[in-house]
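1. sequence and predicted structure, then a few things I'm wondering about:
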Amino acid sequence: MLTIREAQMKVFRDKQLRDFARGRLRSLADRFPKKYAELGEVGTMALIEAGIGKSFGLGIVSEDDVENVIDLMMLNGEDFDSREEFAFESEPLHDSELPADARATLTMARFGLEPGFREE
Amino acid sequence: MGKDDLSSVKVECPQGKGALIAEVLTYKSGFKRSKHEPLSGVKVKFYGPTKNPDQNTGGNGRTTVLNGLDPDSYTVSLEFTPDMTELYDVSGSTISTAKTVKKGKTTPYPFEVPWFWIEYQVQYDGLKIFVPGIDYVLRHKKPDPVDSPWTQKKTGTTGLSKETEEKVPRGRYKLDLKLVYEPEWGDPQVEIDKAIEIKAAVSGFDVGTDGSIQIVDAHTLAPALHTIAVKVAESADKSRRELKTTWTPTKEQLKDLKSAKIAFRAAVGASFVFSEPEPVFIKEKYEVVDGDGTKLSTRIELYFSGGYSDSKQADGGEAEVLTPWNETVARVNLPEYNGNPVGLDEGGIATRHFRMPA
(Lines give C-alpha, C1' and ligand atoms only; values in the text may rest on other atoms or scores of the structure.)
Protein backbone atom coordinates (compact mmCIF):
# COMPACT_ATOMS: atom_id res chain seq x y z
CA MET A 1 0.00 0.00 0.00
CA LEU A 2 1.28 3.44 -0.98
CA THR A 3 1.12 6.01 1.80
CA ILE A 4 1.61 9.69 1.03
CA ARG A 5 3.02 11.53 3.96
CA GLU A 6 1.98 15.10 4.83
CA ALA A 7 5.41 16.40 3.81
CA GLN A 8 5.10 14.76 0.41
CA MET A 9 1.62 16.23 -0.03
CA LYS A 10 2.98 19.72 0.69
CA VAL A 11 5.54 19.25 -2.06
CA PHE A 12 2.79 18.29 -4.49
CA ARG A 13 0.62 21.20 -3.40
CA ASP A 14 3.46 23.73 -3.63
CA LYS A 15 4.29 22.58 -7.16
CA GLN A 16 0.64 22.87 -8.15
CA LEU A 17 0.50 26.41 -6.77
CA ARG A 18 3.73 27.41 -8.56
CA ASP A 19 2.37 26.09 -11.86
CA PHE A 20 -0.88 27.94 -11.29
CA ALA A 21 0.92 31.19 -10.41
CA ARG A 22 3.14 31.01 -13.52
CA GLY A 23 0.07 30.46 -15.69
CA ARG A 24 -1.62 33.43 -14.06
CA LEU A 25 1.42 35.63 -14.63
CA ARG A 26 1.35 34.95 -18.38
CA SER A 27 -2.38 35.51 -18.53
CA LEU A 28 -2.26 38.80 -16.60
CA ALA A 29 0.63 40.08 -18.74
CA ASP A 30 -1.50 39.42 -21.82
CA ARG A 31 -4.84 40.74 -20.56
CA PHE A 32 -3.67 43.65 -18.35
CA PRO A 33 -0.66 45.07 -20.24
CA LYS A 34 -0.86 48.53 -18.65
CA LYS A 35 -1.26 47.28 -15.11
CA TYR A 36 1.39 44.60 -15.68
CA ALA A 37 3.84 47.23 -16.92
CA GLU A 38 3.11 49.27 -13.82
CA LEU A 39 3.60 46.40 -11.36
CA GLY A 40 6.35 44.53 -13.18
CA GLU A 41 6.83 40.78 -13.04
CA VAL A 42 7.78 40.76 -9.39
CA GLY A 43 4.89 42.98 -8.35
CA THR A 44 2.42 40.98 -10.40
CA MET A 45 3.63 37.71 -8.91
CA ALA A 46 3.26 39.23 -5.43
CA LEU A 47 -0.31 40.18 -6.31
CA ILE A 48 -1.01 36.64 -7.53
CA GLU A 49 0.29 35.19 -4.29
CA ALA A 50 -1.76 37.67 -2.30
CA GLY A 51 -4.78 36.69 -4.38
CA ILE A 52 -4.27 33.02 -3.63
CA GLY A 53 -3.98 33.83 0.06
CA LYS A 54 -7.09 36.02 0.05
CA SER A 55 -9.07 33.36 -1.79
CA PHE A 56 -8.08 30.57 0.56
CA GLY A 57 -8.93 32.82 3.51
CA LEU A 58 -12.42 33.21 2.07
CA GLY A 59 -12.79 29.50 1.46
CA ILE A 60 -12.44 29.96 -2.30
CA VAL A 61 -10.28 27.17 -3.62
CA SER A 62 -11.19 26.23 -7.19
CA GLU A 63 -8.74 27.37 -9.87
CA ASP A 64 -11.40 29.26 -11.82
CA ASP A 65 -12.63 31.09 -8.75
CA VAL A 66 -9.13 31.99 -7.53
CA GLU A 67 -8.35 33.29 -11.04
CA ASN A 68 -11.42 35.51 -10.83
CA VAL A 69 -10.37 36.92 -7.47
CA ILE A 70 -6.86 37.65 -8.78
CA ASP A 71 -8.31 39.33 -11.87
CA LEU A 72 -10.47 41.56 -9.68
CA MET A 73 -7.44 42.48 -7.59
CA MET A 74 -5.51 43.31 -10.75
CA LEU A 75 -8.33 45.54 -11.97
CA ASN A 76 -9.43 47.22 -8.76
CA GLY A 77 -6.50 46.81 -6.36
CA GLU A 78 -5.58 44.18 -3.79
CA ASP A 79 -7.92 45.63 -1.18
CA PHE A 80 -10.95 45.97 -3.47
CA ASP A 81 -13.12 43.77 -1.24
CA SER A 82 -12.64 46.04 1.77
CA ARG A 83 -13.21 49.35 0.02
CA GLU A 84 -16.45 51.19 0.60
CA GLU A 85 -16.87 52.05 -3.06
CA PHE A 86 -17.04 48.35 -3.94
CA ALA A 87 -19.14 47.28 -0.94
CA PHE A 88 -22.01 46.11 -3.13
CA GLU A 89 -19.82 44.35 -5.66
CA SER A 90 -17.70 42.45 -3.15
CA GLU A 91 -20.56 41.54 -0.81
CA PRO A 92 -20.87 37.97 -2.19
CA LEU A 93 -17.22 37.27 -1.35
CA HIS A 94 -17.93 37.78 2.34
CA ASP A 95 -21.46 36.37 2.45
CA SER A 96 -21.14 33.40 4.74
CA GLU A 97 -24.56 32.15 3.67
CA LEU A 98 -23.35 31.71 0.11
CA PRO A 99 -21.56 28.52 -0.86
CA ALA A 100 -17.86 29.34 -1.26
CA ASP A 101 -17.83 28.03 -4.82
CA ALA A 102 -20.49 30.57 -5.89
CA ARG A 103 -18.91 33.66 -4.36
CA ALA A 104 -16.27 34.60 -6.94
CA THR A 105 -18.62 34.18 -9.92
CA LEU A 106 -21.34 36.29 -8.30
CA THR A 107 -18.78 38.95 -7.36
CA MET A 108 -17.55 39.10 -10.96
CA ALA A 109 -21.16 39.52 -12.11
CA ARG A 110 -21.67 42.46 -9.78
CA PHE A 111 -18.69 44.17 -11.40
CA GLY A 112 -20.31 43.53 -14.79
CA LEU A 113 -17.40 41.28 -15.73
CA GLU A 114 -17.05 37.84 -17.19
CA PRO A 115 -14.19 35.39 -16.64
CA GLY A 116 -11.20 36.16 -18.83
CA PHE A 117 -12.07 39.86 -19.20
CA ARG A 118 -9.39 42.22 -20.44
CA GLU A 119 -8.15 45.60 -19.29
CA GLU A 120 -9.99 48.48 -21.02
CA MET B 1 -6.01 14.57 -7.90
CA GLY B 2 -8.29 17.45 -7.28
CA LYS B 3 -6.84 19.72 -10.01
CA ASP B 4 -9.71 22.11 -9.59
CA ASP B 5 -8.97 22.60 -5.90
CA LEU B 6 -5.81 24.61 -5.32
CA SER B 7 -5.92 24.30 -1.55
CA SER B 8 -5.39 20.59 -1.42
CA VAL B 9 -4.15 17.75 -3.56
CA LYS B 10 -6.43 15.38 -1.73
CA VAL B 11 -9.18 13.84 -3.72
CA GLU B 12 -12.39 14.95 -2.04
CA CYS B 13 -15.19 12.49 -1.93
CA PRO B 14 -17.87 14.43 -3.79
CA GLN B 15 -21.35 14.50 -2.47
CA GLY B 16 -23.87 12.93 -4.73
CA LYS B 17 -25.84 16.13 -5.21
CA GLY B 18 -25.25 19.58 -6.65
CA ALA B 19 -26.66 23.04 -6.03
CA LEU B 20 -27.44 26.22 -7.91
CA ILE B 21 -28.20 29.82 -7.15
CA ALA B 22 -29.50 32.57 -9.45
CA GLU B 23 -28.92 36.28 -9.18
CA VAL B 24 -30.46 39.08 -11.28
CA LEU B 25 -28.62 42.37 -11.59
CA THR B 26 -29.36 45.52 -13.50
CA TYR B 27 -27.17 48.30 -14.82
CA LYS B 28 -27.29 51.36 -17.05
CA SER B 29 -27.77 50.20 -20.62
CA GLY B 30 -24.64 50.64 -22.69
CA PHE B 31 -22.39 50.76 -19.63
CA LYS B 32 -21.81 47.12 -18.81
CA ARG B 33 -19.02 47.85 -16.37
CA SER B 34 -20.95 50.57 -14.59
CA LYS B 35 -22.34 50.21 -11.09
CA HIS B 36 -24.75 47.28 -10.93
CA GLU B 37 -27.79 46.99 -8.71
CA PRO B 38 -29.79 43.98 -7.55
CA LEU B 39 -33.14 43.48 -9.23
CA SER B 40 -35.75 42.12 -6.87
CA GLY B 41 -39.17 40.73 -7.67
CA VAL B 42 -38.13 38.79 -10.77
CA LYS B 43 -39.75 35.37 -11.02
CA VAL B 44 -37.11 32.65 -11.45
CA LYS B 45 -38.08 29.27 -12.89
CA PHE B 46 -35.97 26.12 -12.68
CA TYR B 47 -36.07 23.30 -15.20
CA GLY B 48 -34.14 20.05 -14.65
CA PRO B 49 -34.43 16.53 -13.30
CA THR B 50 -34.87 17.71 -9.72
CA LYS B 51 -37.99 19.83 -9.54
CA ASN B 52 -38.08 23.05 -7.58
CA PRO B 53 -40.80 25.65 -7.18
CA ASP B 54 -40.46 29.08 -8.77
CA GLN B 55 -38.87 31.79 -6.67
CA ASN B 56 -38.82 35.57 -6.73
CA THR B 57 -35.48 37.31 -6.40
CA GLY B 58 -35.07 39.00 -3.03
CA GLY B 59 -33.72 42.39 -2.08
CA ASN B 60 -30.20 41.26 -2.95
CA GLY B 61 -31.35 40.07 -6.38
CA ARG B 62 -30.83 36.42 -5.49
CA THR B 63 -32.79 33.26 -5.08
CA THR B 64 -32.05 30.96 -2.21
CA VAL B 65 -29.51 28.21 -2.85
CA LEU B 66 -31.21 25.18 -4.37
CA ASN B 67 -29.51 22.16 -2.80
CA GLY B 68 -30.01 18.47 -3.39
CA LEU B 69 -30.05 18.65 -7.16
CA ASP B 70 -29.34 15.53 -9.15
CA PRO B 71 -26.28 16.38 -11.25
CA ASP B 72 -27.44 17.19 -14.77
CA SER B 73 -28.27 20.10 -17.01
CA TYR B 74 -30.55 22.72 -15.47
CA THR B 75 -32.16 25.65 -17.20
CA VAL B 76 -32.94 28.77 -15.21
CA SER B 77 -35.40 31.21 -16.79
CA LEU B 78 -36.59 34.64 -15.71
CA GLU B 79 -40.07 36.05 -15.93
CA PHE B 80 -40.64 39.78 -15.55
CA THR B 81 -43.76 41.69 -14.60
CA PRO B 82 -45.25 43.93 -17.33
CA ASP B 83 -44.04 47.01 -15.44
CA MET B 84 -40.50 45.66 -15.43
CA THR B 85 -40.51 45.00 -19.18
CA GLU B 86 -41.19 48.72 -19.67
CA LEU B 87 -38.19 49.83 -17.61
CA TYR B 88 -35.67 47.08 -18.39
CA ASP B 89 -34.34 45.77 -21.69
CA VAL B 90 -35.78 42.29 -21.22
CA SER B 91 -36.04 41.50 -24.92
CA GLY B 92 -32.38 42.40 -25.46
CA SER B 93 -31.10 40.34 -22.55
CA THR B 94 -30.38 36.70 -21.90
CA ILE B 95 -33.14 35.58 -19.58
CA SER B 96 -32.76 31.82 -19.87
CA THR B 97 -29.55 29.88 -19.35
CA ALA B 98 -28.75 26.18 -19.29
CA LYS B 99 -25.76 24.95 -17.30
CA THR B 100 -24.52 21.69 -15.94
CA VAL B 101 -24.87 21.30 -12.21
CA LYS B 102 -22.06 19.08 -10.98
CA LYS B 103 -21.75 16.85 -7.97
CA GLY B 104 -20.60 18.66 -4.86
CA LYS B 105 -20.64 22.03 -6.63
CA THR B 106 -22.77 25.12 -6.53
CA THR B 107 -23.44 26.49 -10.00
CA PRO B 108 -24.17 30.23 -10.06
CA TYR B 109 -26.59 31.61 -12.68
CA PRO B 110 -25.93 35.34 -12.84
CA PHE B 111 -28.24 37.39 -15.08
CA GLU B 112 -27.97 41.00 -16.17
CA VAL B 113 -30.84 43.09 -17.50
CA PRO B 114 -29.95 46.71 -18.29
CA TRP B 115 -32.31 49.55 -17.51
CA PHE B 116 -33.40 52.16 -20.03
CA TRP B 117 -32.30 55.75 -19.59
CA ILE B 118 -32.23 59.00 -21.48
CA GLU B 119 -30.22 62.17 -21.31
CA TYR B 120 -30.80 65.56 -22.85
CA GLN B 121 -29.19 68.96 -23.04
CA VAL B 122 -29.85 72.23 -24.81
CA GLN B 123 -26.85 73.93 -26.39
CA TYR B 124 -26.35 76.59 -29.01
CA ASP B 125 -26.13 75.04 -32.44
CA GLY B 126 -22.55 74.01 -33.19
CA LEU B 127 -21.30 75.23 -29.83
CA LYS B 128 -20.75 73.48 -26.53
CA ILE B 129 -22.46 76.24 -24.62
CA PHE B 130 -25.61 75.46 -22.67
CA VAL B 131 -28.74 77.54 -23.15
CA PRO B 132 -30.31 78.00 -19.72
CA GLY B 133 -33.69 79.32 -18.69
CA ILE B 134 -35.93 77.85 -21.38
CA ASP B 135 -39.03 76.02 -20.17
CA TYR B 136 -39.48 72.59 -21.70
CA VAL B 137 -41.78 69.60 -21.81
CA LEU B 138 -40.37 66.09 -21.98
CA ARG B 139 -42.79 63.81 -23.81
CA HIS B 140 -42.90 60.02 -24.15
CA LYS B 141 -44.51 57.77 -26.72
CA LYS B 142 -45.00 54.08 -26.02
CA PRO B 143 -43.75 51.74 -28.75
CA ASP B 144 -46.96 49.72 -28.72
CA PRO B 145 -49.36 50.34 -30.28
CA VAL B 146 -47.59 52.30 -33.00
CA ASP B 147 -50.17 55.09 -32.87
CA SER B 148 -49.74 55.66 -29.15
CA PRO B 149 -50.09 59.31 -28.23
CA TRP B 150 -47.28 61.49 -26.93
CA THR B 151 -47.77 62.00 -23.22
CA GLN B 152 -46.17 64.56 -20.97
CA LYS B 153 -43.57 62.97 -18.71
CA LYS B 154 -41.94 65.98 -17.14
CA THR B 155 -41.68 69.73 -17.33
CA GLY B 156 -38.68 71.84 -16.37
CA THR B 157 -36.33 74.64 -17.28
CA THR B 158 -33.06 74.17 -19.11
CA GLY B 159 -29.93 74.59 -17.04
CA LEU B 160 -26.18 74.59 -17.42
CA SER B 161 -25.70 70.82 -17.45
CA LYS B 162 -26.87 67.64 -19.09
CA GLU B 163 -30.00 66.08 -17.60
CA THR B 164 -30.32 62.32 -17.16
CA GLU B 165 -33.41 60.27 -16.42
CA GLU B 166 -32.69 56.73 -15.21
CA LYS B 167 -35.00 53.72 -15.48
CA VAL B 168 -37.45 55.29 -17.89
CA PRO B 169 -40.11 53.37 -19.83
CA ARG B 170 -39.05 52.15 -23.25
CA GLY B 171 -40.33 54.08 -26.25
CA ARG B 172 -39.59 57.37 -27.97
CA TYR B 173 -38.87 60.61 -26.21
CA LYS B 174 -38.87 64.17 -27.38
CA LEU B 175 -37.96 67.37 -25.67
CA ASP B 176 -40.19 70.25 -26.65
CA LEU B 177 -38.80 73.64 -25.79
CA LYS B 178 -41.58 76.07 -24.95
CA LEU B 179 -40.89 78.48 -27.74
CA VAL B 180 -42.67 80.73 -30.19
CA TYR B 181 -40.59 81.16 -33.32
CA GLU B 182 -40.51 81.70 -37.08
CA PRO B 183 -42.94 84.65 -37.20
CA GLU B 184 -44.29 85.11 -40.67
CA TRP B 185 -46.39 87.73 -42.44
CA GLY B 186 -48.66 86.40 -45.18
CA ASP B 187 -47.80 89.27 -47.56
CA PRO B 188 -44.73 91.49 -48.01
CA GLN B 189 -46.71 94.54 -46.96
CA VAL B 190 -49.73 95.44 -44.87
CA GLU B 191 -52.61 97.29 -46.48
CA ILE B 192 -55.38 99.00 -44.58
CA ASP B 193 -58.71 97.15 -44.99
CA LYS B 194 -57.04 94.17 -46.67
CA ALA B 195 -56.87 90.87 -44.77
CA ILE B 196 -53.40 89.51 -44.05
CA GLU B 197 -52.36 86.19 -42.56
CA ILE B 198 -50.11 86.25 -39.50
CA LYS B 199 -48.53 83.17 -37.99
CA ALA B 200 -45.70 81.86 -35.83
CA ALA B 201 -44.55 78.35 -35.04
CA VAL B 202 -45.05 77.09 -31.50
CA SER B 203 -43.41 74.22 -29.65
CA GLY B 204 -43.89 72.83 -26.18
CA PHE B 205 -47.42 74.17 -25.70
CA ASP B 206 -50.53 72.04 -26.02
CA VAL B 207 -53.13 72.65 -28.68
CA GLY B 208 -55.76 75.03 -27.30
CA THR B 209 -53.35 76.97 -25.11
CA ASP B 210 -54.15 80.68 -25.06
CA GLY B 211 -51.77 82.93 -26.92
CA SER B 212 -51.82 86.41 -28.35
CA ILE B 213 -50.65 88.41 -31.32
CA GLN B 214 -49.98 92.06 -30.64
CA ILE B 215 -49.52 94.58 -33.41
CA VAL B 216 -46.84 97.11 -32.45
CA ASP B 217 -45.08 100.10 -33.95
CA ALA B 218 -41.86 98.63 -35.36
CA HIS B 219 -39.90 101.57 -34.01
CA THR B 220 -41.08 101.39 -30.41
CA LEU B 221 -42.43 97.80 -29.99
CA ALA B 222 -44.74 98.97 -27.17
CA PRO B 223 -47.49 99.63 -26.33
CA ALA B 224 -49.55 97.38 -28.52
CA LEU B 225 -51.57 99.12 -31.19
CA HIS B 226 -53.93 96.19 -31.42
CA THR B 227 -54.16 92.77 -29.74
CA ILE B 228 -55.64 89.59 -31.16
CA ALA B 229 -56.37 86.56 -28.94
CA VAL B 230 -55.25 83.33 -30.60
CA LYS B 231 -55.06 79.72 -29.44
CA VAL B 232 -52.30 77.26 -30.23
CA ALA B 233 -53.44 74.97 -33.06
CA GLU B 234 -52.08 72.22 -35.29
CA SER B 235 -50.88 73.45 -38.65
CA ALA B 236 -52.91 72.36 -41.67
CA ASP B 237 -50.43 69.60 -42.54
CA LYS B 238 -50.21 68.54 -38.86
CA SER B 239 -46.45 68.93 -38.99
CA ARG B 240 -46.25 71.48 -36.23
CA ARG B 241 -48.16 73.73 -33.87
CA GLU B 242 -48.69 77.39 -34.51
CA LEU B 243 -50.39 80.62 -33.62
CA LYS B 244 -52.23 81.76 -36.70
CA THR B 245 -54.82 84.37 -37.51
CA THR B 246 -56.08 86.50 -40.33
CA TRP B 247 -56.20 90.19 -39.53
CA THR B 248 -57.78 93.01 -41.47
CA PRO B 249 -56.10 96.22 -40.31
CA THR B 250 -58.13 99.40 -40.04
CA LYS B 251 -57.09 103.03 -39.82
CA GLU B 252 -58.64 103.16 -36.37
CA GLN B 253 -56.52 100.29 -35.08
CA LEU B 254 -53.33 101.94 -36.35
CA LYS B 255 -54.20 105.50 -35.40
CA ASP B 256 -51.30 105.65 -32.94
CA LEU B 257 -48.75 104.22 -35.39
CA LYS B 258 -46.03 106.88 -35.60
CA SER B 259 -43.68 105.20 -38.05
CA ALA B 260 -44.57 103.64 -41.38
CA LYS B 261 -43.93 100.06 -40.26
CA ILE B 262 -45.48 97.63 -37.85
CA ALA B 263 -44.33 94.33 -36.36
CA PHE B 264 -46.22 91.68 -34.48
CA ARG B 265 -45.38 90.04 -31.19
CA ALA B 266 -46.62 86.44 -31.01
CA ALA B 267 -46.72 85.12 -27.45
CA VAL B 268 -47.72 82.03 -25.51
CA GLY B 269 -47.08 82.04 -21.78
CA ALA B 270 -43.72 83.68 -21.18
CA SER B 271 -42.42 82.84 -24.67
CA PHE B 272 -42.69 85.33 -27.47
CA VAL B 273 -41.17 86.39 -30.74
CA PHE B 274 -41.19 89.63 -32.74
CA SER B 275 -41.72 89.57 -36.46
CA GLU B 276 -39.75 91.51 -39.02
CA PRO B 277 -41.06 95.06 -39.61
CA GLU B 278 -43.66 95.25 -42.33
CA PRO B 279 -44.51 98.48 -44.21
CA VAL B 280 -48.08 99.70 -43.94
CA PHE B 281 -49.86 101.15 -46.95
CA ILE B 282 -53.15 102.80 -47.40
CA LYS B 283 -54.86 103.00 -50.76
CA GLU B 284 -55.46 106.65 -51.74
CA LYS B 285 -57.38 108.02 -54.70
CA TYR B 286 -55.83 110.84 -56.69
CA GLU B 287 -57.68 113.09 -59.08
CA VAL B 288 -55.61 113.89 -62.12
CA VAL B 289 -56.89 116.94 -63.96
CA ASP B 290 -55.41 119.64 -66.12
CA GLY B 291 -55.60 123.40 -65.50
CA ASP B 292 -59.13 123.48 -66.91
CA GLY B 293 -60.33 120.67 -64.69
CA THR B 294 -60.37 118.14 -67.54
CA LYS B 295 -59.90 114.59 -66.28
CA LEU B 296 -56.70 113.09 -67.68
CA SER B 297 -55.82 109.55 -68.61
CA THR B 298 -52.07 109.46 -68.23
CA ARG B 299 -49.28 107.85 -66.30
CA ILE B 300 -48.56 109.37 -62.90
CA GLU B 301 -45.36 108.89 -60.89
CA LEU B 302 -45.38 109.59 -57.16
CA TYR B 303 -42.29 109.90 -54.98
CA PHE B 304 -42.90 109.71 -51.20
CA SER B 305 -41.02 111.27 -48.27
CA GLY B 306 -39.68 107.91 -47.05
CA GLY B 307 -38.13 107.08 -50.42
CA TYR B 308 -40.92 104.89 -51.76
CA SER B 309 -42.19 105.58 -55.26
CA ASP B 310 -45.03 104.24 -57.36
CA SER B 311 -46.22 104.63 -60.92
CA LYS B 312 -49.87 104.28 -61.90
CA GLN B 313 -52.01 104.79 -64.92
CA ALA B 314 -54.68 107.41 -64.24
CA ASP B 315 -57.90 106.49 -65.99
CA GLY B 316 -60.65 109.04 -66.48
CA GLY B 317 -58.91 111.44 -64.12
CA GLU B 318 -58.51 108.91 -61.26
CA ALA B 319 -55.59 106.87 -59.99
CA GLU B 320 -55.48 104.60 -56.96
CA VAL B 321 -52.05 104.69 -55.37
CA LEU B 322 -50.72 102.71 -52.41
CA THR B 323 -49.40 105.32 -50.06
CA PRO B 324 -46.97 104.50 -47.27
CA TRP B 325 -48.44 105.14 -43.84
CA ASN B 326 -47.56 108.55 -42.44
CA GLU B 327 -45.61 109.57 -45.53
CA THR B 328 -46.31 112.49 -47.80
CA VAL B 329 -45.75 112.91 -51.51
CA ALA B 330 -42.37 114.51 -52.04
CA ARG B 331 -42.71 114.92 -55.81
CA VAL B 332 -45.10 114.04 -58.58
CA ASN B 333 -44.40 113.53 -62.29
CA LEU B 334 -46.66 113.12 -65.28
CA PRO B 335 -44.17 111.82 -67.89
CA GLU B 336 -46.49 112.63 -70.77
CA TYR B 337 -46.49 116.29 -69.67
CA ASN B 338 -42.75 116.76 -69.07
CA GLY B 339 -41.61 120.36 -68.90
CA ASN B 340 -44.98 121.57 -67.60
CA PRO B 341 -45.77 122.81 -64.10
CA VAL B 342 -47.87 120.60 -61.84
CA GLY B 343 -49.71 121.38 -58.66
CA LEU B 344 -50.30 118.86 -55.87
CA ASP B 345 -53.19 119.26 -53.50
CA GLU B 346 -52.66 116.64 -50.80
CA GLY B 347 -55.20 116.58 -48.01
CA GLY B 348 -54.11 118.66 -45.02
CA ILE B 349 -51.06 120.11 -46.75
CA ALA B 350 -50.95 123.38 -48.65
CA THR B 351 -50.94 122.96 -52.40
CA ARG B 352 -47.45 122.52 -53.76
CA HIS B 353 -46.23 123.23 -57.27
CA PHE B 354 -43.51 121.49 -59.22
CA ARG B 355 -42.09 121.87 -62.67
CA MET B 356 -41.69 118.51 -64.24
CA PRO B 357 -38.40 117.67 -65.98
CA ALA B 358 -38.17 118.60 -69.66
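-> Yep, it's here.
2. could you pull out the helices for the chain?
-> I went with chain A, as the question did not name one. A:6-31, A:33-57, A:63-76, A:87-90, A:100-110 (DSSP state H).
3. can you look at chain B instead?
-> For chain B, the helices defined by DSSP H cover B:82-87.
4. now do residue A:6, the pLDDT please.
-> Residue A:6 is assigned 72 on the pLDDT scale.
5. neighbours of it, how many?
-> 6 (other Cβ atoms under 10 Å in any protein chain shown). Any C-beta I mention is one placed from the backbone N, CA and C, and that applies to glycine too.
6. ok, it to residue B:147 distance?
-> Note on residue A:6: its distance to residue B:147, by Cβ to Cβ, to the nearest Å, is 77 Å.
7. dump the helices of chain A to a markdown table, plus distance to chain B.
-> Shown next, in a markdown table, are the helices of chain A (distance: least, Cβ to the nearest Cβ, whole Å):
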| stretch | distance to chain B |
| --- | --- |
| helix A:6-31 | 5 |
| helix A:33-57 | 5 |
| helix A:63-76 | 6 |
| helix A:87-90 | 7 |
| helix A:100-110 | 3 |
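8. what helices or strands is the least confident helix or strand in chain B by mean pLDDT leaning on?
-> One helix or strand of chain B scores below all others by mean pLDDT, DSSP states H and E: strand B:352-355, with a mean of 75. Applying 3 or more Cβ pairs under 8 Å, 6 or more residues apart in numbering or on different chains; DSSP states H and E, we find strand B:352-355 packed against strand B:341-344.
9. tell me how many other residues surround residue 57.
-> Answering for chain A, as no chain was given. Burial of residue A:57 is recorded as 8 neighbouring residues (other Cβ under 10 Å).
10. try again with chain B
-> Residue B:57 has 21 neighbouring residues, counting by other Cβ under 10 Å.
11. for the helices of chain A, which one sits closest to residue B:333?
-> helix A:33-57 (87.2 Å; Cβ to Cβ).
12. pick the most deeply packed of the helices of chain A.
-> helix A:100-110 (a mean of 24; mean count of other Cβ atoms under 10 Å in any protein chain shown).
13. quick one, what contacts the closest residue to residue B:29 other than its chain neighbours?
-> Using Cβ to Cβ, 6 or more residues apart in numbering or on different chains and skipping residues adjacent in sequence, the residue nearest residue B:29 is residue B:114, 3.7 Å away. Contact analysis of residue B:114 by Cβ atoms under 8 Å, 6 or more residues apart in numbering or on different chains lists B:26, B:27, B:28, B:29, B:30, B:32, B:88, B:89, B:92, B:93.
14. nearest to residue B:273, out of the helices of chain A?
-> Once the helices of chain A are compared by Cβ to Cβ, helix A:87-90 is nearest, at 50.5 Å.
15. hey, where'd the strands end up in the stretch 51-200 of chain B?
-> Ranges of strands in the stretch 51-200 of chain B, per DSSP state E, counting those that start in this stretch, are B:55-56, B:66-69, B:72-79, B:96-101, B:106-112, B:117-120, B:135-141, B:150-157, B:163-166, B:172-177, B:179-185, B:190-191, B:196-203.
16. low pLDDT regions in chain B?
-> Scanning chain B for pLDDT under 70 picks out B:1-15, B:348.
17. quick one: residue B:283 and residue B:189 touch, right?
-> No - contact criterion Cβ atoms under 8 Å: residue B:283 and residue B:189 do not qualify, at 11.6 Å.
18. identify the contacts common to the two.
-> In contact with both residue B:283 and residue B:189: residue B:322, using Cβ under 8 Å, 6+ apart.
19. low-confidence ranges in chain A?
-> Ranges of chain A meeting pLDDT under 70: A:1-4, A:8-9.
20. okay, which residue is most central for it?
-> residue A:70 (2.9 Å; Cα atoms, centre = their mean).
21. leaving out the residues flanking it, which one is nearest to that one?
-> Per Cβ to Cβ, 6+ apart, closest to residue A:70 is residue A:51, 3.5 Å.
22. the one you found and residue A:63 touch, don't they?
-> No - Residue A:51 is beyond contact range of residue A:63, at 12.0 Å (criterion: Cβ under 8 Å).
23. relative to residue B:69, how far out is residue A:96?
-> Taking Cβ to Cβ, one finds residue A:96 at 22 Å from residue B:69.
24. same check on residue B:292?
-> With Cβ to Cβ as the criterion, residue B:292 and residue B:69 are 123 Å apart.
25. and those two? which has more neighbours close in?
-> Of the pair residue B:292 and residue B:69, residue B:69 is the one with more neighbours under other Cβ under 10 Å, namely 23 against 5.
26. mind listing what the more buried one touches?
-> Counted by Cβ under 8 Å, 6+ apart, residue B:69 has contacts B:17, B:18, B:19, B:20, B:48, B:49, B:50, B:52, B:101.
27. and residue B:25, how far is that from residue B:49?
-> For residue B:25, the distance to residue B:49 - Cβ to Cβ - is 28 Å.
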